[in-house]
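**Student:** model this:
(3 chains)
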Amino acid sequence: MINIVNAVGSGNLHLELDLEQLGADLNVPYTEYDPENYHGLYVRFEEDGPLITVYRSGKYIIVGSSSLNELNETNDLFLNCIAELEGISIPDNTGFSIRNIVSTAEIGKELNLNALAIGLGLELVEFEPEQFPGLVYRPTDHPIVFLIFSSGKVVITGATDTDIATDGFEDLQSKINNIT
DNA sequence: AGCGCTACAGTGTTACGTTAAAGGTCTC
DNA sequence: GAGACCTTTAACGTAACACTGTAGCGCT
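**Tutor:** Residues are numbered from 1 along each chain as shown, chains lettered A, B, ... in the order given. Here you go, the predicted structure:
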């Protein structure tokens, strides 16, 4: 069982945007544009909600959603707000898609990371406890990366679909059971 | 003419900033 | 004890670098 903690998606409005003007015109409670600090316009619908970063090219990124539903709802809200603006028409296909899902899971037992590193294959593993306490595992059969901790907790990142993360984690569990 | 050095242009790479989780280490 | 930092991942555009190639100059 995996638990999504962060979903990242991106899309394209296919419009050249004046970010300063857009930030002023958008009917959104939180916007921030400080080109001296960063060249993207930050947009939020809630103080602690997902963050939308909009670029001059019309491309945008949404980060910080704790579910795919929240990610898609935020995208819809954003597009509706843009569509309300005078002189801007939103294309039918913004190409919005999920780019990265970060999730957590639990193996359910304490792990010996040194033994696990050998069992998983040293060429697929990075483990430098003096630098970072988690073991980084990049399986060849799944397009994801695992951060595995001695407590048995696991962070799964790089997935573009929940099925990819779930399948990868189930595979990891069975590998760990064979090793330990 | 040929070589070596310097200066500049152009290209390529990297960091930035954002988000989230995990747990160890360090500073205050 | 609290908080920051370390690591990973993805997207994005810009700035700051590093690096390479070329041109020009001076010396032998």
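
**Student:** next, count neighbours for the residue lying closest to A:Lys175 once chain neighbours are set aside.
**Tutor:** With CB to CB, 6 or more residues apart in numbering as the criterion, A:Lys175 has its nearest non-adjacent residue at 6.6 Å, and that residue is A:Leu120. C-beta here means a position set from N, CA and C on the backbone, and glycine is covered the same way. Neighbourhood size, A:Leu120 [other CB atoms under 10 Å]: 22.

**Student:** pretty sure A:Leu120 sits against A:Asp171.
**Tutor:** No: judged on CB atoms under 8 Å, A:Leu120 makes no contact with A:Asp171 at a distance of 11.1 Å.

**Student:** ok, residues contacting stretch A:101-109?
**Tutor:** A:1-8, A:68, A:148, A:152-157, A:159-162, A:165, A:169, A:172-173, A:176, A:180 (CB atoms under 8 Å, 6 or more residues apart in numbering).

**Student:** from these, list the ones also adjacent to DNA strand C.
**Tutor:** A:8, A:155, A:157 (CB under 7 Å from any atom of the strand).

**Student:** what residues does A:Leu41 make contact with?
**Tutor:** Neighbours of A:Leu41 in contact, by CB under 8 Å, 6+ apart: A:17, A:19, A:22-23, A:31-33, A:53-55.

**Student:** which of these fall in strands?
**Tutor:** Members of those lying in strands (criterion: DSSP state E): A:31-32, A:53-54.

**Student:** can you add pLDDT and distance to DNA strand C and give those back as TSV?
**Tutor:** TSV is the format used below for the ones in strands among the contacts of A:Leu41 (pLDDT from 0 to 100; distance: CB to the nearest atom of the strand, whole Å):
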residue	pLDDT	distance to DNA strand C
A:Thr31	93	17
A:Glu32	93	15
A:Thr53	95	6
A:Val54	95	9
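
**Student:** so which of those residues is the most crowded?
**Tutor:** Neighbour-wise, the ones in strands among the contacts of A:Leu41 (other CB under 10 Å) top out at A:Val54, 24 neighbours.

**Student:** quick one: the ones next to DNA strand C among the contacts of stretch A:101-109 as TSV, columns for neighbour count, pLDDT and secondary structure too.
**Tutor:** Putting those into TSV (neighbours: other CB atoms under 10 Å; pLDDT from 0 to 100; DSSP: H, G, I helix; E, B strand; the rest coil) gives the following:
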residue	neighbour count	pLDDT	secondary structure
A:Val8	18	96	strand
A:Val155	16	97	strand
A:Thr157	17	96	strand
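
**Student:** for the residues you listed, which one is nearest A:Arg138?
**Tutor:** For these, the residue nearest A:Arg138 by CB to CB is A:Thr157; the value is 10.7 Å.
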